[in-house]
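Enquirer: just the structure for this:
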Amino acid sequence: MPVLTLISGFLLFRTGLDQQWHKLATKKARTILVPFLVFNLGLLAAAYALQRATGITTSYELIPFDARTWLDAAFGLTRSPINYPLNFLRDLIVLMLLAPLFGLFLRKAPWLGLAVVALVFLNNVDGLLVLRGLMPVMFYIGGMAAVRRWNLQALDGYAWLCLAAFVLSCLAMLHWRVTNVTYLGLVAPFLIWPAASLLNGSAVGRWLQQQSKYSFFIFIAHAPILLVTWMVFQKLSGHVPYVVYWVGAPLLVVALLTVVYRIAAYLMPSAFAFITGGRAARGGESDQRRATPELAGGHSPH
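Expert: Modelled structure (predicted):
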């Protein structure tokens, strides 16, 4: 999440979209709001039908009807929406609304702006405006990288060292059972981004770039499929070791949704492109040239 948020901020402020309010609203409504509504409200309807027919509940108790519960489930007003990975999109929508204000700080007083953003959001002064307080900070830092034209390849020469530092940090947190991941989230992009440069020019890197067209669809659609695999595993847990499920379920979900993507892009290209925010190519062909950010430094695996 911190890496993706930083990249989002970098791309937005690099294009100066924060200074074109109407264009910003129109574009983000299409690329973020539409997928959020389609995939969250769709799951909400399915969860309600499931609960009504079988009594099985998910993360929300939808029966009996409660307005606050439904508003949270549908739009994530005070907690994660029912399609819980979409809390990232929920917060990203708020950041798009804040982008013009962030842009003023970035161009007039960038370091003061960073201090204000960190103070407000890391201390939850904003209340329920943003659910993940780390996101505005990383979004703003991404904006600083764009506006101040940071050299995005500066740490590439230390890629192995950055990778080792990230892995060791994660292992240390596991060993000492550290639950506060804020500090790791703050430094992670500056470790993962250079480490990803190790994939540049490699067969693995090229393969990942080719598969990246599926990533957004897998992200917005994987939660209900993963839930189904968990329900099946609970029925079979006496015969299937948990480690098999832990390794196999993500692979199964990714494979299944990749097939669904290909079929949907082929059978209903226009509709599928619309509900995925214009990311799915028409006619089932890859739109990688449009979707891949032209990041400085050529870090295509990102």
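Enquirer: distance check, residue 257 against residue 270.
Expert: For residue 257, the distance to residue 270 (C-beta to C-beta, to the nearest Å) stands at 20 Å. Yep, even glycine has a C-beta here, placed from its N, CA and C like the rest.
Enquirer: who has more neighbours out of the two?
Expert: Between residue 257 and residue 270, counted using other C-beta atoms under 10 Å, the more crowded position is residue 257 (19 against 9).
Enquirer: so the more buried one touches residue 219, yeah?
Expert: No. Applying C-beta atoms under 8 Å, one finds residue 257 not in contact with residue 219, separated by 9.5 Å.
Enquirer: burial measure for the closest residue to residue 156 other than its chain neighbours, as a count.
Expert: Nearest residue to residue 156, sequence neighbours excluded (C-beta to C-beta, 6 or more residues apart in numbering): residue 197, at 4.4 Å. Counted with other C-beta under 10 Å, the neighbours of residue 197 add up to 23.
Enquirer: sec struct for residue 197, please.
Expert: Secondary structure, DSSP: H, G, I helix; E, B strand; the rest coil: residue 197 is helix.
Enquirer: repeat that for residue 130.
Expert: Strictly by three-state DSSP, residue 130 counts as coil.
Enquirer: please tell me how far the residue nearest to residue 156 sits from residue 257.
Expert: 28 Å.
Enquirer: quick check: the residue nearest to residue 156 touching residue 160?
Expert: No. The criterion here is C-beta under 8 Å, and residue 197 misses it with residue 160 at 10.2 Å.
Enquirer: list the buried ones in the helix or strand where residue 73 lies?
Expert: Here residue 73 sits within helix 67-75, counting by DSSP states H and E. By 16 or more other C-beta atoms under 10 Å, the buried positions in helix 67-75 come out as 72-75.
Enquirer: any idea which helix or strand comes after that helix?
Expert: Defined by DSSP H and E, the subsequent element after helix 67-75 is helix 87-108.
Enquirer: burial of the spatially closest residue to residue 95 that is not a sequence neighbour, as a residue count?
Expert: Ranked by C-beta to C-beta, 6+ apart and with sequence neighbours excluded, the top spatial neighbour of residue 95 is residue 139, at 5.0 Å. If you count neighbours by other C-beta under 10 Å, residue 139 ends up with 30.
Enquirer: surely residue 139 and residue 11 touch.
Expert: No. Applying C-beta under 8 Å, one finds residue 139 not in contact with residue 11, separated by 10.6 Å.
Enquirer: now the closest residue to residue 190 other than its chain neighbours: phi and psi?
Expert: With sequence-adjacent residues excluded and distances taken as C-beta to C-beta, 6+ apart, residue 190 is closest to residue 155, at 6.7 Å. With angles defined as degrees, to the nearest 10, residue 155 sits at phi -100, psi 0.
Enquirer: right, and residue 155 touches residue 194 too?
Expert: Yes. Assessed by C-beta under 8 Å, residue 155 is found in contact with residue 194 at 3.9 Å.
Enquirer: list the buried residues in stretch 212-220.
Expert: Result for stretch 212-220 [16+ other C-beta under 10 Å]: buried residues 212-214, 216-220.
Enquirer: scratch that, stretch 164-180 is what I was asking about
Expert: Buried-residue list, stretch 164-180, by 16+ other C-beta under 10 Å: 166, 169.
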